[in-house]
Structures are given as C-alpha cells and as structure tokens.
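**Student:** need a structure here:
(one chain, ligands or ions: 1)
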Amino acid sequence: MSTSTDMKGQPVDKAMLDSMLRHRLFYTPSFEIYGGVSGLYDYGPPGCALQANIIDLWRKHFILEEDMLEVDCTVLTPHDVLKTSGHVDKFADWMCKDPKNGDILRADHFVEDVLETRLRGDKEARGLAIEEKEETDAKKKKKKTKGQQAVKLDDDVVKEYESILAQIDNYNGEQLGELIKKYDLRNPATNLQPTPPVAFNLMFQTSIGPSSNLPGYMRPETAQGQFLNFHKLLESNYGRMPFASASIGKSYRNEISPRAGLLRVREFLMAEIEHFVDPEGHKKHHRFNEVADIELTLLDRETQLSGQTTVRKVPIGKAVQDGLVDNETLGYFLARIHLFLKKLGIDQSKLRFRQHMANEMAHYATDCWDAELLTSAGWVECVGCADRSAYDLSVHAKKTGASLVVKERLEEPKVIEEWVVDTDKKVLGLTFKKDAKAVESALAASTQEQREKLAKELEESGKAVLEVAGVADGKVEFGKDLAKIEIRKRTVHHREYTPNVIEPSFGIGRILYSLIEHVYWTRGSDGGDEARNVLSFPPAVAPTKVLVVPISAKDVFKPFLQQLLQKLRAAGIPSRVDHSNTSIGKRYARNDELGTPFGITVDFQTVKDGSITLRERDSTRQVRADTDKIVATIQSLINDSKTWQDVEAELPKFEGQEL
Ligand SMILES: Nc1ncnc2c1ncn2[C@@H]1O[C@H](COP(=O)(O)OP(=O)(O)OP(=O)(O)O)[C@@H](O)[C@H]1O
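**Tutor:** Numbering: from 1, shown residues only. I've put the predicted structure just below:
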C-alpha cells in the first residue's frame, strides 16, 4: 500500500492536521451541535477563500484559456432526464450489511479493508516494517477488532490478495460477493461475513412541486444540464465545432459510508467540462502539439489487470501515438489537468493518471483516466477524465426527439445511399389501432442497421419483427403491406453527426484537501524549536496573501496602518491585520497554519522613515523597503512574475530576528 508524506518527507500526522484545520476553521462538520450528519461539512473563512482561489485558477486555466461556454444549470433534475441518461438504473455502488449489528458497508471498500488488514498482519508476523499509515489504521481498528492478529499468510495468498487489491475497482457486486465467500471476509466488529452485495442507487430522490407528481433527483453530476443545452450552446458558438461547455456547481451523492472527511462527502462542489468533438478523424485536437512533450505518470489498465501498480512516465504525445490513451483530445485534457494541478501546488511525485478497467468504467464511457493524488488515505481519484462517446446526446435526442446533432454544410454536394421506410398509414391504423402511433414512431426512429435487418427479414419471410416501447410484449410483427423498406440514393448538401464528448470532471473538495496535505509540514520537527505547523500554499492559491502585524496597538501606528491597508486594497491584495498583543513570532506562527505567504511588520522604524518589513512564510526571511515598493513586490510574487530569491536580490535584507 502507498502512503503519503508531508512536504518535508515526514509521515503526515493526520490527527494533528485535522485538528489544526478544524481549529483554524478551514472546515467543520455541518450541524455539529445537533450531533452532525456524516458526509456533510461546512467551510469556514480560510476554507472558503482557498476554494474560491482554486475555482478562480480553474476558470482562468480552462474556461478563459479555451474560450469555453460556462453554464449554470439547476440542481433539481426531473426523473425522466436521469432515467434516460442511465443514472436511475445504473448509478449505484455495491452495499452489504452485517447480519448482526446492521453495519452498512460499501462492498469494495470492505473487501479492500479486510485484505489490507490481513496483509498488515502478515507483514507483522514476518517482522517486516509496517508503514506509518498502516500502523495508525491498525491502532484505529484495534478497539473493534475481534480475533485479528498477526498471522503469516502463504506466499501465494499474499500474491492473490495483492492482485485483487490492484484491480479492486474492476469487480461487480456478484464478484465482490464471491471474494467475500472465497476468502471468508468478516466484519471485524462482529466477526461475521456480511450479506451478499446489492446495488444501492446514490441519488437523492425528491419531488418537484406541491402535488408530488413530478419525481426528481438532486443531480449527481453537473453534466446533464450541459448536454440538454447542447443545441443552444452550439448556436451561441455560431455553429462552430469543436467547442466546450463548462459548469461549476454542487452535486449530491448519497454515499454508503462517508468516513474519509472531505474526500468522500454527500454534497460537493464539482467543476466539469464537456468538450464536444467530431468523431470523424479520430478526435484530433488542434492544440495537441502544445502539450505533446509533457510527461505524465501513467498506470494503465493492463498493468492493473496483471496485479501490479507500477507506473511509467510517458510523454502524452507518445501515449496517444501508441494507443495507450485513446485519442488526442483525451490526451490533451490529461496534460491540461496535469498543468492545472501543478499550478495549484500539488506535489508532482504524488500525482498519477490511472486508466479505468472495463467493469469500472461508467455506463457511458469508452476510455477513462483518473488523476489520482496520494494522501494519507492512499491514492484518491480527484479528477475523472472520460470519453463519453456520443452516448448522452444520442439517448436524450432519442427520448425527446430534439435535434442534438451538428449539421455541417458540405463544400461539394454528395450522393449517398440510405435505407428508407415508406409506411402505409391506412394499413397501419387498421392493423395496430391504438398502438399505431407508437409503431409509426419506432419505424421512423429506426437506425440504418435496423432498417437493413428489417428489409432482409421482409425479403426472406415476408414478415419482420420490430421492437416498440409501450406495446404488449415490447414488439410487433408486420408484413410488406405495412411498410416498404428499400435502399435509395439521395443528394445531400449537409453532413449530420452526433458529437462525441470528452469530459474532465473535477471534485474541488478532494483537490482542496489533497493540496492541503501536499503543502503541509512542521517547522522545528527536526528537533529544533517548538514544532509549528505550516501550510506552504503557492501565493496565488493561499486564502489570505498578507498578514499585517503592528508591533503594538499604540495610536502612533494607526495612520501608517490605514495607509498601508488602503494601498493593499487598491492593489487587490487580500490581507488581514492581527491586532492581538501576543508576540510577533506567535502571530506569524498562527498565520503559517493558515498558509499566509507574506507578513508585514509595522514598527518604530516605520514611524521614522515609512519603511516596513516583508516576511516570507517558508524561509521566515525578511526584507525592508518603503510601502509602495513592498506592495508592488507582493503583487509580483502573487502573479508569479518574481520569486522570493529575486526579491532578496533586489531589496535590502532585514537583519532582525527570524520569526
Ligand atoms: N462523494 C464524493 N465526495 C467528494 N468528491 C467526490 C465524490 N464523488 C465524486 N467526487 C469527485 O467528483 C469527481 C468526478 O466524479 P466521478 O463520478 O468520476 O467519481 P467516482 O468515480 O464516482 O468517485 P469514487 O469512485 O471515489 O466514488 C471525482 O473525481 C471526485 O473528485
């Protein structure tokens, strides 16, 4: 199992980090004074500011950079939409139940947990080193663990367990049930095997309007709203393809057992892109050459199926050329996701792109890669990037009759051959009476392949069978008197096609939490002074950019403070003043926990010559200059046009105590 370390390579003390984040109000359990509800969290001021900055960067990196069309669609979604998209029938996880205490368990997580516990026990029995996270997990589980000790396993069994874990996302409910039986997996709380897994739909159901006759759901993703507006978006893009829409908004999933803090919640912010592309020409991307040399860390399907988790670094250009990543557009977005996460401050050594296995892929996807980040909870999917093919637009068009296609004028008219159906309305009415309309619609909506098949049946036996929704048996039989189906030539001036969709889908909360772990470290943990927590966010992402610290609350400082704050505001730099009368060192330490990258001290020298000190969070080094110079310097540091090294080379070093 992989475990994560903090920014300085030390094991993440998750309990300490969580308590700091709650204490500083990055986030807090919702409804806590009522006992809380698992999977629901509120963000406090630094959490909100951090989230807003991540979103701001996301907008600039994707929407502005690529001229995407942003939409904001409703959360409440009618049943019919999600029935058509397949979510009502298939958007489910596998759930099992403990027969004695009623514990509800997510089947894949249960299998994973028990096998990992056994592998840990095996390591212990063999006297092998146990990684920090494994130790913490084991301690946590000890209280409720019955009859689980360090037991040495056969080498073959270890291999089998490792292989199962490498492809845990590939099992369906039945297979998970077989694993539970085969390896006698028991719930540690009762030492009993849970019941066989059943599908549990993750959508929150509701009804829209007072009469309760319009059933609906809270959307589980923002995508459907974007698909339903496709035609209007295409028009507003002057009919030009390819183009992308984007949406940032809340989604809702009734997770079976959300126990991983911000990583698995029931209400979360998503940022999703739907890039519509012509399927002809193998989904090329006109800007692919800009990213082709970017090296990504890939864990492909075959490697996982062979029971391994070995990654390889491959330039995305080569990965697409070799067919490892299906097409340029998908590859382009994988590289853009990589660049975005890098910009945020994500540790590149803790980022990998994992390809989905066949069973794992959502019902609509043809190829899918997840950007996974290594955290104290292991590798966590933070961005999914799927090729949804033409699935969504096709099913919604079929269901509603709306035209969700692109019509392109051909430079030269073309003669095509196609199967055409001529229906005799009189025979139709007489034969099928009340079902006549449904039969007529089914014939009209039949595909070229279906028509060819029907024509062949009519030719061979004089009869054909057609599937018709809403009639008894779901199908009808008809003869040549009802419909003539033949191939005819036609001159066309337009080409019509349903676009394919490449969808990068970001869970902002997961990214936010993983980023916090990646930039977290403890100053003085190497045995020096008292240990102090630091969050080294890049300046552009940090919740607050500057902490202003007056050396005392005396009136003499007030005009300088006011002038400084006014200049910071005018420059658009978010700042906070710490008026408390604790030592400056303590005030800075508090802000290191909030990840504030810069500190300004207003002191007695300021009163004499107007100069102020600027402190950099990570090095704690300081420079000194006049207010205008310092404000301009902070601006350059935030917009990345200068590094702290540049600043130290330019401005006089302040030789005071490092705080
Ligand atoms: N319960 C959740 N809490 C927080 N973020 C989530 C949750 N479910 C999904 N996400 C985020 O939304 C993104 C896209 O959703 P997607 O449907 O691909 O996730 P998923 O495959 O269902 O995730 P998982 O397998 O972890 O449940 C994910 O990459 C993740 O960042």
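
**Student:** is residue 310 located within a strand, as I assumed?
**Tutor:** No - assessed with DSSP: H, G, I helix; E, B strand; the rest coil, residue 310 is coil; it does not lie in a strand.

**Student:** I figured it hits residue 303, correct?
**Tutor:** Yes - applying CB atoms under 8 Å as the test, residue 310 and residue 303 come out as touching, 5.9 Å apart. Where C-beta positions appear, they are placed from N, C-alpha and C, glycine not excepted.

**Student:** okay, these two: which has more neighbours?
**Tutor:** residue 303 (18 against 10; other CB atoms under 10 Å).

**Student:** just list what whatever helix or strand the more buried one lives in packs against, helices and strands only.
**Tutor:** If you go by DSSP states H and E, residue 303 is part of helix 301-305. Judged by 3 or more CB pairs under 8 Å, 6 or more residues apart in numbering; DSSP states H and E, helix 301-305 is in contact with strand 351-355.

**Student:** show me what the strand it packs on is packed against.
**Tutor:** Applying 3+ CB pairs under 8 Å, 6+ apart, we find strand 351-355 packed against strand 295-299, helix 301-305, helix 328-344, strand 367-375, strand 378-389.

**Student:** that one pairs with which strands, and in what direction?
**Tutor:** The pairing partners recorded for strand 351-355 under DSSP bridges are strand 295-299 (parallel), strand 367-375 (antiparallel).

**Student:** can I get the last one in PDB, CA atoms only?
**Tutor:** Meaning strand 367-375. Provided in PDB are the C-alpha atoms of strand 367-375 (Å, rounded to 0.1, in the frame of the first residue of the first chain):
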ATOM      1  CA  ASP A 367     -12.000   5.300 -22.200                       C
ATOM      2  CA  CYS A 368     -11.400   6.900 -18.900                       C
ATOM      3  CA  TRP A 369      -8.400   8.100 -16.800                       C
ATOM      4  CA  ASP A 370      -8.500   9.300 -13.300                       C
ATOM      5  CA  ALA A 371      -6.000  11.900 -11.900                       C
ATOM      6  CA  GLU A 372      -5.200  10.400  -8.500                       C
ATOM      7  CA  LEU A 373      -3.400  12.200  -5.700                       C
ATOM      8  CA  LEU A 374      -1.500  10.400  -2.900                       C
ATOM      9  CA  THR A 375      -2.800  11.300   0.500                       C
END
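
**Student:** residue 568 and residue 628, how far apart?
**Tutor:** 11 Å (CB to CB, to the nearest Å).

**Student:** which one's more surrounded, these two?
**Tutor:** residue 568 (21 against 11).

**Student:** spatially, what comes nearest to that one if we skip its sequence neighbours?
**Tutor:** Spatially, and ignoring its direct neighbours in sequence, residue 568 is nearest to residue 575 (4.7 Å; CB to CB, 6 or more residues apart in numbering).

**Student:** if we can go back for a sec, now the helices and strands packed on strand 351-355 in CSV, with distance to the ligand?
**Tutor:** Formatted as CSV, the helices and strands packed on strand 351-355 follow (distance: least, CB to the nearest ligand atom, whole Å):
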stretch, distance to the ligand
strand 295-299, 15
helix 301-305, 15
helix 328-344, 10
strand 367-375, 6
strand 378-389, 3
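
**Student:** which stretch among those comes nearest residue 358?
**Tutor:** For the helices and strands packed on strand 351-355, the distance to residue 358 is smallest for helix 301-305, at 7.8 Å, taking CB to CB.

**Student:** quick one: average confidence on that closest one?
**Tutor:** Regarding helix 301-305, the rounded mean pLDDT is 90.

**Student:** residues contacting whatever residue of the chain ends up closest to the ligand?
**Tutor:** The chain approaches the ligand most closely through residue 507 (2.0 Å), counting by CB to the nearest ligand atom. Residues near residue 507 by CB atoms under 8 Å, 6 or more residues apart in numbering: 268-270, 381-383.

**Student:** got it, and residue 100?
**Tutor:** 190, 192.

**Student:** which SS class is it?
**Tutor:** In three-state terms, and counting by three-state DSSP, residue 100 is coil.

**Student:** what about residue 391, how many neighbours?
**Tutor:** By other CB under 10 Å, 20 other residues sit near residue 391.

**Student:** near the ligand, which residues of the chain?
**Tutor:** 253, 255, 264-265, 268, 270, 381-384, 505, 507, 509-510 (CB under 6 Å from any ligand atom).

**Student:** what about these, which are in strands?
**Tutor:** Using DSSP state E, the members of the residues of the chain next to the ligand that fall within strands are 268, 270, 381-384, 505, 507.

**Student:** element containing residue 548?
**Tutor:** In this structure, residue 548 sits in strand 546-550 according to DSSP H and E.

**Student:** quick one: contacts of the helix or strand that that strand is followed by?
**Tutor:** Proceeding N to C from strand 546-550, the next assigned helix or strand is helix 558-570, under DSSP H and E. By CB under 8 Å, 6+ apart, the residues outside helix 558-570 that reach it are 546, 548, 550, 575, 577, 600, 602, 606-607, 610, 612, 627-628, 631, 634.

**Student:** which of these sit farthest apart?
**Tutor:** Checking these with CB to CB, the most distant pair is 607 and 634, at 21.5 Å.

**Student:** which of these two has more residues huddled nearby?
**Tutor:** For residue 607 versus residue 634, the count of surrounding residues by other CB under 10 Å is larger for residue 634: 23 against 14.

**Student:** count of neighbours near the residue nearest to residue 610 when sequence neighbours are not counted?
**Tutor:** Counting by CB to CB, 6+ apart, the nearest residue to residue 610 once its immediate chain neighbours are dropped is residue 626, at 5.4 Å. By other CB under 10 Å, 12 other residues sit near residue 626.

**Student:** least trustworthy helix or strand in the protein by mean pLDDT?
**Tutor:** helix 132-142 (a mean of 47; mean pLDDT, DSSP states H and E).

**Student:** contacts for whatever helix or strand comes next after it, please.
**Tutor:** On the C-terminal side of helix 132-142, the closest following helix or strand by DSSP H and E is helix 155-166. Here helix 155-166 makes contact (CB under 8 Å, 6+ apart) with 1, 111-112, 115-116, 118-119, 122, 153, 179, 183, 304, 306-309.

**Student:** same check on stretch 76-91?
**Tutor:** Residues from elsewhere that reach stretch 76-91, judged by CB under 8 Å, 6+ apart: 201-203, 206, 208, 214-220, 224-225, 227-228, 363-364, 392, 395-396, 399.

**Student:** repeat the analysis, applying 7 Å as the threshold.
**Tutor:** 201-203, 208, 214-220, 224, 228, 363-364, 392, 395-396, 399 (CB atoms under 7 Å, 6 or more residues apart in numbering).

**Student:** mind listing which of these are in helices?
**Tutor:** Among the contacts of stretch 76-91, the members falling in helices (DSSP state H) are 224, 228, 392, 395-396, 399.

**Student:** surely residue 248 is in a helix?
**Tutor:** No - assigned with three-state DSSP, residue 248 falls outside any helix and is strand.

**Student:** quick check, it in contact with residue 271.
**Tutor:** Yes - counting by CB atoms under 7 Å, residue 248 touches residue 271, with 4.6 Å between them.

**Student:** overlap of the contact sets of those two?
**Tutor:** Here residue 248 and residue 271 share the contacting residues residue 55, scored by CB under 7 Å, 6+ apart.

**Student:** tell me which of the ones in helices among the contacts of stretch 76-91 is nearest to residue 370?
**Tutor:** So of the ones in helices among the contacts of stretch 76-91, ranked by how close each gets to residue 370 (CB to CB), first place is residue 392, at 19.5 Å.

**Student:** how big is the angle separating the lengthiest helix in the chain from helix 155-166?
**Tutor:** As assigned by DSSP H, the longest helix anywhere in the chain is helix 107-125. With axes from the mean of the first three to the mean of the last three CA atoms, to 10 degrees applied, the angle from helix 107-125 to helix 155-166 works out at 140 degrees.
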